[in-house]
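Undergrad: Fold the stuff below for me.
(2 chains)
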Amino acid sequence: MKLFELRRPADPLEAIRDGLSPGARFIAGGTTMVDLMRLDVERPDVLVDLNHLGLTDIERTADGGVRLGAMTRNADVAHHPWIVAEYPVLSQALLSGASAQLRNAATTGGNVLQRTRCIYFRDVHAACNKRVPGSGCPALDGYHRNLAVLGTSANCIATNPSDMNVALISLDAIVSLRSSEGQRDVAFAEFHREPGDTPECETVLRPGELLAAISLPPARPHARSYYLKLRDRASYEFALASTAVTMSFDDRTMRDVRLALGGVATRPWPATQAAQLLEGRSPEPKLFRDAAELAMLGAVGRPQNRFKIELAKRCIVSALAHVTAAEFV
Amino acid sequence: MSTIGQPVDRVDGSLKVTGAATYAADYRLANMLYGVPVGSTIAAGELLSLDLSAARATPGVVEIFHHDNFEKLREAPSGDMPDGPDPLVDERRPPLSDTTIRYYGQYIALVVAETFEAASEGAMLVRATYRTTDPATPLGGEPTGPAREENARGDVDKAFAAAPIRIDAVYETPVETHNPIELHATVAAWADGRVTLYETTQAVVNHRRVLSIMLGVPASHVRVISHFLGSGFGGKLWPWPQSPLAAAAARTLQRPVKVVVTRPMMFQNVGHRPYTHQHVRIAAECDGTIVALDHDSYNTTSILDDYEESCGEGTPSFYGAPNLRVRSALRRRHTGTPTAMRGPGAVPGLFATESATNELADALQIDPVQLRIQNEPERDLSLKVPFSSRHYVECLTLGAQRFGWQNRSAEVGSMRAGDDTVLGWGVAGASWIAERFAADVSIELRDDDSAEIRCGTQDIGTGTYTMFAQIAAHELAIPLERVHVTLGDTDLPPGPISGGSMVTASIIPAIVRAARSAREQLARNGGSKATGHGSSPATFGEEQPTVSRHSYGAHFVEIGWQPQLGRLRVRRIVTVMDAGRIINPKTARNQIAGAMVMGVGMALLEETIYDPRTLEPLNRNLADYMVATNADVPSMDITFLDYPDMHVNELGARGVGEIGLAGVAAAIAAAAHHATGVRVRALPITIEKLLL
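TA: Okay, here's the model as predicted:
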């Protein structure tokens, strides 16, 4: 591992200044960054440690929602009584990811920004448009079983690996970004970008900006939610396909439906049209399958990951059936 | 008061849980340097040049070895040698001995530095240029070498053609990587022309032999120490290149050198179970009598070395087929050299033959347990000798009873748990050789009523220390606590390799004789101090054995299949083992249970994935190479029949290290078929193979 300078700023503005130094990278929980440094994928000159800034509060917002500081730990969020009671989809998503040890270290901000598990991205001896723009994408015709079928481009089919991100889309979360010029808020669904021609740009984060918090709007009355993750083994594996669904019921009718997909897309994937199809309708299996078909419309499979299109559809149908189970008589 | 047959706690347990047990990489010697190898980033071609400038400029880097400046090591010969036993090694070419690249990750340099961090950074900064050639990549297809007939009786082609019920299928198992938690490591230190190697090895004696040849020094000048091993699964049986690298670097630099193989290198440089391609033809009369069994396989090997997986090792003696043939061949590929992995040969072999047997049962519409019982041989038809002790039928009948097999409904998809889970049931048999290696043991009786027992074998985590203590205490008729066991050092009397599940069986005659000789000395001389020595010969490799020695077992598996989630999980496994007398049911159960978990991984998860274009092993870490997690572990019911096999040794004990893995994947594949209707003949059984 390359020698680097470690800085430990005591407040966010100092961290933002340090973050603008040449070759600077932020480190939060370190569960991705240290891994990538060992692999030589990240070679920072300056490592800006965010662990002394605070940003660790889980607090009520004025509108009755919840605000998660960027440095809150995944385990603390997952087990927090407000999250468990009001936003179970977030708790479920967090607990389905990684391992207990990793969740103790990993942070909310770090989880939002975690990098893809594409094998070629993590191998500095391979080409990768995300790591070295313009170098090529060996995954297209190489190993891509765990890669994306939605939001892909000719340059990149890397999957966003986060479970938490999928739940945050379904919760209409807001990302608060801070810079020396102040703060701006971005809808979570607008935060991550599809690879297009610039797979190296994964989010709308600008230089000099620090992810400070994630805000969750107040849980709707009678809301229910569910996170379903499908994978080869029972634990400690990234999703092959996952679904986060939130909705409320009004007279056996689905309202405020939010559907998001993980494991199958280049970014946390809002299945907006599928959610709209369900809006105002009564739950029934045929409708769920239609919504699943709509959600996966336009998916581009390759030899090794084509099965994920059908798997994702079953995932959506099962998640919808689970979340609406009480509505079937 | 004997503890034989008692579930004794491991005598070294407290050392391990307190961290006091010293593993190879734990040794930090004074003035020690750290070596980090640099691996090639192509699989086939020529190393043209190395740019070492940036690496040399890294603070702390002391030396960078490569083909031009590394000492020329000798290659351990593969044939018989006049002066001692064959030096066993799977990758024979000494490291850094030429510039031809034959597999991805082949060491092209060793960066040695004052710290591990500096050596690692230096290794990252070495720049190599290559001329790349197309690697020999494809799987499937034909072997590259001639087929070798390993066993034959009757006329298999004629019998197969004439039989009314026939199964003709190809089974494949992928490259699997051992992945013990302890990384391979060597710490080498020279003094006065003699070298001490703290080593991750399952065979200290052979390791000394190979390294003494490679380094050109007498065996008496090489000491190999392996007091504790964080498992090996066969991957640490024979020396791998990091050992001569560390030893030669330490000799040149006149300072101790430590080289620890990284996890990615564990997938490249220290062996793997090769890909196997097995064509099985099995045929029966309508009444279920098997009349023909043809097992024709090949496995992949590296460009330079011939590693034979011997998939048909257990085939000739398992069932009573009168017409049988076992053939094998090799296919070269630009990968590292394969090596023995837990149950080599039998484990992939039984996946194929036991799967074919299950397919035959389905074709015959005969219960697969019944089919097996019906074809139980009275003697070993290949060796034409009786079995030493075979209770395979009892494994099947007792297993069926414990499992509740009589409630099976044979039709595919006909069994359910709740609304959404389809149950699948499957069965398969297991067998493994039960032989002995030569062993020497010494015992010292002390005047404080304690005894020390010494042997140059090693405990790879299976409980060998405990086994020694139990057997010595039994033979000396003293309490277990009074026995001190010293293993894992070539300064001790030469002991067996920890391979082939043979340590327990091998050491018993030697301990019996050593104890007897010590007691006789005591009787002659009086007093309370004595020493005894015991030596016992090998049975492994006997030209004409008078009995057929094997262990047997049967696995019964229940899987749950949730088609709406594409989710297959193993729910329970009932296993019955016929492995001779069990010395310690606790450590024995530990071995079988661990192997069963490995079997779940083999069936559903494990596969080393290579880039088809470059033959780079891609999933070379423990997140992407999947083994079963705790959450994947099913309910396990393990029974030992506990029949002493007095043909093997005085206590009737055989080994249990490997047999627990044999057959598990075939039973799971049969259960998966029973639930889904899909026959998966190429492991692992992943979601996409079932999502039809």
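Undergrad: and the residue in the stretch 101-250 of chain B that chain A sits nearest to, helix, strand or coil?
TA: Proximity of the stretch 101-250 of chain B to chain A (Cβ to the nearest Cβ) peaks at residue B:124, 5.2 Å away. Every residue, glycine included, has its C-beta placed from N, CA and C. Under DSSP: H, G, I helix; E, B strand; the rest coil, residue B:124 falls in the helix class.
Undergrad: Nearest to chain B: which residue in the stretch 1-150 of chain A?
TA: Taking Cβ to the nearest Cβ, the stretch 1-150 of chain A has residue A:125 as its residue nearest chain B, at 4.0 Å.
Undergrad: ok, the closest residue to that residue other than its chain neighbours - how many residues close by?
TA: Excluding the flanking residues, the one nearest residue A:125 by Cβ to Cβ, 6 or more residues apart in numbering or on different chains is residue B:41, at 4.0 Å. For residue B:41, the neighbour count with other Cβ atoms under 10 Å in any protein chain shown is 19.
Undergrad: so residue B:41 touches residue B:106, yeah?
TA: No: proximity of residue B:41 to residue B:106 does not meet the contact threshold set by Cβ atoms under 8 Å, at 10.0 Å.
Undergrad: what sits against the closest residue to the residue of the stretch 101-250 of chain B closest to chain A other than its chain neighbours?
TA: Counting by Cβ to Cβ, 6+ apart, residue A:40 is the residue found nearest to residue B:124 once chain neighbours are left out, at 5.2 Å. Contacts for residue A:40 (Cβ atoms under 8 Å, 6 or more residues apart in numbering or on different chains) come out as A:1, A:2, A:124, B:124.
Undergrad: Please go through the chain and pick out the longest helix.
TA: Reading this off chain A. For chain A, the helix with the greatest residue count under DSSP state H is helix A:307-323.
Undergrad: oops, I was thinking of chain B
TA: helix B:503-525.
Undergrad: Can you spell out which helices and strands pack onto that helix?
TA: strand B:439-445, strand B:451-455, helix B:464-476, strand B:530-536 (3 or more Cβ pairs under 8 Å, 6 or more residues apart in numbering or on different chains; DSSP states H and E).
Undergrad: Looking at these, which is nearest to residue A:191?
TA: Proximity to residue A:191 (Cβ to Cβ) singles out helix B:464-476 among the helices and strands packed on helix B:503-525, at 56.1 Å.
Undergrad: Centre of the chain to that closest one, how far?
TA: In terms of Cα atoms, centre = their mean, to the nearest Å, the centre of helix B:464-476 is set 24 Å apart from its chain centre.
Undergrad: Quick check: what element follows it along the chain?
TA: strand B:483-487 (DSSP states H and E).
Undergrad: Can you pull up the most central residue in the chain?
TA: Here I'm looking at chain A. Residue closest to the mean C-alpha point of chain A, counted by Cα atoms, centre = their mean, is residue A:165 at 2.3 Å.
Undergrad: try again with chain B
TA: In chain B, the residue lying closest to the centroid (Cα atoms, centre = their mean) is residue B:342, at 2.5 Å.
Undergrad: Please name the residues that touch residue B:188.
TA: B:195-198, B:243, B:246-247, B:249-251, B:256-258 are the contacts of residue B:188 under Cβ under 8 Å, 6+ apart.
Undergrad: The longest helix of chain A and chain B, any residue contact?
TA: Yes: Helix A:307-323 is in contact with chain B by Cβ under 8 Å from any Cβ of the partner chain, via A:307, A:310, A:311, A:314, A:315, A:317, A:318.
Undergrad: Spell out which parts of the stretch 101-250 of chain A neighbour chain B.
TA: Selection of the stretch 101-250 of chain A residues close to chain B by Cβ under 8 Å from any Cβ yields A:117, A:119, A:123, A:125-126, A:138, A:141-143, A:228, A:230, A:232-238, A:240.
Undergrad: how about a cut-off of 10 Å?
TA: Remark: the part of the stretch 101-250 of chain A in contact with chain B comprises A:117, A:119-120, A:122-126, A:138-139, A:141-143, A:145-146, A:228-238, A:240-241, using Cβ under 10 Å from any Cβ of the partner chain.
Undergrad: and these, which of them are in strands?
TA: Judged by DSSP state E, those include A:228, A:229, A:230, A:241 as members of strands.
Undergrad: Give me the neighbour count for the last one.
TA: To tie it back to what came earlier, the one meant is residue A:241. 28.
Undergrad: Next: the third one.
TA: Neighbour count of residue A:230, defined by other Cβ under 10 Å: 23.
Undergrad: so it touches residue A:313, yeah?
TA: No: here residue A:230 lies out of contact with residue A:313, judged by Cβ atoms under 10 Å, at a distance of 11.1 Å.
Undergrad: okay, and the common contacts of those two?
TA: A:241, A:243 (Cβ atoms under 10 Å, 6 or more residues apart in numbering or on different chains).
Undergrad: follow-up on the earlier one: contacts only, for the residue of the stretch 101-250 of chain B closest to chain A.
TA: Counting by Cβ under 10 Å, 6+ apart, the residues that residue B:124 touches are A:1-2, A:38-40, A:43, A:124, B:36, B:38, B:54-55, B:58, B:111.
Undergrad: From residue B:159, how far out is it?
TA: 60 Å (Cβ to Cβ, to the nearest Å).
Undergrad: just residue A:36 next, same as before
TA: Counting by Cβ to Cβ, the gap from residue A:36 to residue B:159 is 60 Å.
Undergrad: Spell out, range by range, the strands that occur in the stretch 101-250 of chain A.
TA: A:174-179, A:182-187, A:210-216, A:223-230, A:241-250 (DSSP state E, counting those that start in this stretch).
Undergrad: Please identify the most buried of the ones you listed.
TA: strand A:241-250 (a mean of 25; mean count of other Cβ atoms under 10 Å in any protein chain shown).
Undergrad: Listing partners with orientation, what would you give for the very next helix or strand once past that strand?
TA: Under the assignment DSSP H and E, the closest C-terminal helix or strand after strand A:241-250 is strand A:253-262. With DSSP bridges as the test, strand A:253-262 is paired with strand A:241-250 (antiparallel), strand A:269-270 (antiparallel).
Undergrad: What's the mean pLDDT across strand A:253-262?
TA: On average, the pLDDT along strand A:253-262 is 97.
Undergrad: three-state assignment of residue 297?
TA: In the absence of a named chain, chain A is used. coil.
Undergrad: not quite, I wanted chain B
TA: Under three-state DSSP, residue B:297 comes out as strand.
Undergrad: I'd say it and residue B:312 touch.
TA: Yes: with contacts counted by Cβ under 10 Å, residue B:297 reaches residue B:312, the gap being 6.5 Å.
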